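In: what's the 3D shape of this:
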Amino acid sequence: MFRFTIRDLLWLMVVVAMGIGWRLDARKWRRELAQERDEKTRIILEYEKEMSFGPGLRGNGPKSNTSP
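Out: Take a look at the predicted model:
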C-alpha cells in the first residue's frame, strides 16, 4: 500500500493549482484574442460598407450617386 506524506500532498496541490491556473489563463487569452479578431473584422466590414465596396472586392473609390 502507498504511503503519502504531507509533503507529497502539498506538492500534488501545487502541481494541480499550477495546472488549473495555466488552463484558466489560456482560456482567458483565447477569449480576448477572439474578441480582438471580431472587433477588427467588424471595423473592416464597416469600412468596406462606408466605401461602397462589396465584401472582399476592391474598387477605384467610393461610388458616386451622379449620372454621367
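
In: tell me the spacing between Asp38 and Phe2.
Out: 50 Å (CB to CB, to the nearest Å). Quick note: C-beta positions are derived from backbone N, CA and C, even for glycine.

In: and those two? Which one has more around it.
Out: Asp38 (10 against 4; other CB atoms under 10 Å).

In: element containing that one, please.
Out: If you go by DSSP states H and E, Asp38 is part of helix 6-50.

In: distance from that helix to the middle of the chain?
Out: How far helix 6-50 lies from its chain's middle: 8 Å, per CA atoms, centre = their mean, to the nearest Å.

In: quick check: phi and psi on Arg3?
Out: phi -120, psi 120 (degrees, to the nearest 10).

In: around it, how many other residues sit close by?
Out: Applying other CB under 10 Å, I find that Arg3 has 5 neighbouring residues.

In: what about Phe2, which SS state?
Out: coil (DSSP: H, G, I helix; E, B strand; the rest coil).
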